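> Provided below for reference: sequence and predicted model.
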Amino acid sequence: MDARLIQQFSQKLILSPQIRQYLKVLQMPLTELQSAIDEFLAENPVVEQKTDEGVPADHSEDSEPDLLKKEPPSVSTRELEFGKDFEKILQLEEQVAGGYATDSEDRYMDPSEVQKTKDFHEMILTKQDSLSDFMLWQVRFMDLSGKDFKIAQEIIGNLDERGYVAATLDEIAASCQTSQDRVKKVLAKLQELDPPGIFARDLQETLLIQLRKKNPASPPRAVQIVSDHFAFLAKHDWQSIAKKIGVEVDEVRKAGALIASLEPHPGRMFYGEVSLAVIPDVIVLFDEEDNTKLKMDLRDEIIPQIRINPYYRKLLRDDKTDETAKKYIREKIQSAMDFMNAMKLRGSTLREIAEVIVKSQRDFFSRGFTHLKPMRLKDISSELGIHESTVSRAIRGKYMSTPQGTIPLRSFFSTKIETADGEGESQKSMTMKIKQMIAEEDPKHPLSDQAVANRLKTEGMNLARRTVTKYRELEKILPSHLRRRR
């Protein structure tokens, strides 16, 4: 082996900086794009934001920014204003730390300052306690030895989002190097904590814990049903339970109603889904004058409009400007032009994709998801003459406001399922039809997955039973034997 130089030809796809920036801007949702524009305005001094009149509020066309004045002041007016604002923030922080002013103090304060203080306090974010933190806080009040406290910590560390203990007693005992009986005793103490039903190992145990803790005088039938006839309880088979216990069906139903009021997942309150507010990039609605026509528009009005400050263009044309300064200005102007072109291309690409979606999915906007047609990224890329990855970037994290609600752009794309007429159905519309069939079924005689597949076949949709099962599980719908109501 030896080191030597070799010349060879090869073909490579090299993206220019302009294309890279375009692809980066293209996949930004509106909120990210707004942040990116604000960041770009702070980094590039030759760029400014337009006002409604088209001229920035801070200076006129011929104004000279403080940055490149021949004799810059030692401290600019903007810096002085920032200093004042910073001092106000410190004062607000001190006031918040000591609490709000009393009513007597409010009389001597400027009302605007009082409001600022309250707004500042409301903007302070506090971290919500997790389930583990809440459990540890309660455990510290318990009279546990050092070894038992370590076991309790190990059990808390194995809690899942439902509030169940995910590890077995053997695993916890091995981790703490202790006996299984000792772990069992500590677990029994932990099961007395709040929320009721916490530290159970399955649904049956959490229901029993809640029945015994919520009301020690709970109907014994409820405890007996959960303890000895849990399989019939899951099927709501009240008659079989009543027959085995030897009581009337009405008594079993009352016990079932009590059991149904319990919390199956005690830890759910600590891991609830957070509602996120989204800003749709595209708005589609029916024309007010003609309800048969659809109107589509982009949310361009909330995107800050930027431009290059005319003063820097003057500096480039001025012979007195230093060459080093001219080179710096040219680089910043070129960077600004690339960024603005990327924003324009983002808007035009997103508009073209949205137009194709509206044209192809017209029935969806008037009739809902059951009439969603199959569509692939390839269909749009071939029609617009762009790559599939570009379409994927353009729709990523973006939403469309429609007469059917605000939905992700990705919801319009689904695989094609062949039908008898050869037109095809989308996976989403097929799922919605299965969901609608089950919603309209007789509760006493629920439809099995095979029965749903047979009904779909009579409507020209040839779907296998296992595919129906897959779509039903995606919608978190129980199987037929658990949906039956006797």
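Yes, it's here.

> okay, CA-based contacts and neighbour counts for the rest of this
OK.

> where does this structure dip in pLDDT?
Within the chain, the set of residues satisfying pLDDT under 70 comprises 13-14, 51-129, 214-219, 271-277, 415-426, 486.

> which helix in it has the most residues?
helix 323-360 (DSSP state H).

> from the contact counts, what lies against it?
helix 17-26, strand 294-298, strand 306-308, helix 310-317, helix 377-384, helix 388-395 (3 or more C-alpha pairs under 8 Å, 6 or more residues apart in numbering; DSSP states H and E).

> where do the domain boundaries of the chain fall?
As recorded under automatic domain parsing, the domains making up the chain are 85-118, 131-270, 282-413, 417-483.

> tell me which of those domains sits nearest to Thr31.
Among these, domain 282-413 comes nearest to Thr31, with 9.1 Å by C-alpha to C-alpha.

> circling back: relative to Val46, which of the domains of the chain is closest?
Nearest of these (C-alpha to C-alpha): domain 282-413, 5.5 Å.

> picking that back up, any idea which helix or strand comes after the longest helix of the chain?
helix 362-367 (DSSP states H and E).

> what comes up buried for that next one?
The neighbour-count check on helix 362-367 (16 or more other C-alpha atoms under 10 Å) flags Arg362, Phe364, Phe365, Ser366 as buried.

> check stretch 136-156 too.
Val139, Asp148, Phe149, Ile151, Ala152, Gln153, Glu154, Ile155, Ile156.

> please name the residues that touch the third one.
The one in question is Phe149. By C-alpha atoms under 8 Å, 6 or more residues apart in numbering, the contact list for Phe149 reads Val139.

> with adjacent residues omitted, what lies nearest to Arg253?
Among residues not flanking Arg253 along the chain, Trp238 sits closest, at 6.6 Å (C-alpha to C-alpha, 6 or more residues apart in numbering).

> for Glu441, same thing?
The nearest residue in space to Glu441 (C-alpha to C-alpha, 6+ apart) is Leu447, at 6.6 Å.

> ok, that neighbour touching Ile438?
Yes. Judged on C-alpha atoms under 8 Å, Leu447 makes contact with Ile438 at a distance of 6.8 Å.

> can you redo the buried residues of stretch 136-156 as TSV with distance to Pro45 and secondary structure?
Shown next, in TSV, are the buried residues of stretch 136-156 (distance: C-alpha to C-alpha, whole Å; DSSP: H, G, I helix; E, B strand; the rest coil):
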residue	distance to Pro45	secondary structure
Val139	57	helix
Asp148	63	helix
Phe149	59	helix
Ile151	60	helix
Ala152	58	helix
Gln153	55	helix
Glu154	55	helix
Ile155	56	helix
Ile156	53	helix
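
> burial measure for Pro443, as a count.
14 (other C-alpha atoms under 10 Å).

> does it really touch Ser480, like I thought?
No. Counting by C-alpha under 8 Å, Pro443 stays clear of Ser480, with 9.3 Å between them.

> quick one, strands of the chain?
47-49, 282-286, 294-298, 306-308, 399-402, 405-408, 416-417, 425-426 (DSSP state E).

> so can I have a markdown table of these showing mean neighbour count?
What follows is the strands of the chain, written out as a markdown table (neighbours: other C-alpha atoms under 10 Å):
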| stretch | mean neighbour count |
| --- | --- |
| strand 47-49 | 20 |
| strand 282-286 | 18 |
| strand 294-298 | 15 |
| strand 306-308 | 19 |
| strand 399-402 | 20 |
| strand 405-408 | 14 |
| strand 416-417 | 18 |
| strand 425-426 | 21 |
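
> any idea which of the ones you listed gets closest to Ser381?
strand 416-417 (16.9 Å).

> correct me, but Pro264 touches Leu203?
Yes. Between Pro264 and Leu203 there is a contact under C-alpha under 8 Å: 6.3 Å.

> neighbour count for these two, which is higher?
With neighbours defined as other C-alpha under 10 Å, Pro264 and Leu203 compare such that Pro264 has more, 20 against 16.

> residues touching the more buried one, list them.
By C-alpha under 8 Å, 6+ apart, the neighbours of Pro264 are Leu203, Thr206, Leu207.

> helices - which of these land there?
Leu203, Thr206, Leu207.

> quick one: which of the residues you listed is nearest to Glu288?
Leu203 (52.8 Å).

> the closest one and Ser175: what is the separation?
Note on Leu203: its distance to Ser175, by C-alpha to C-alpha, to the nearest Å, is 25 Å.
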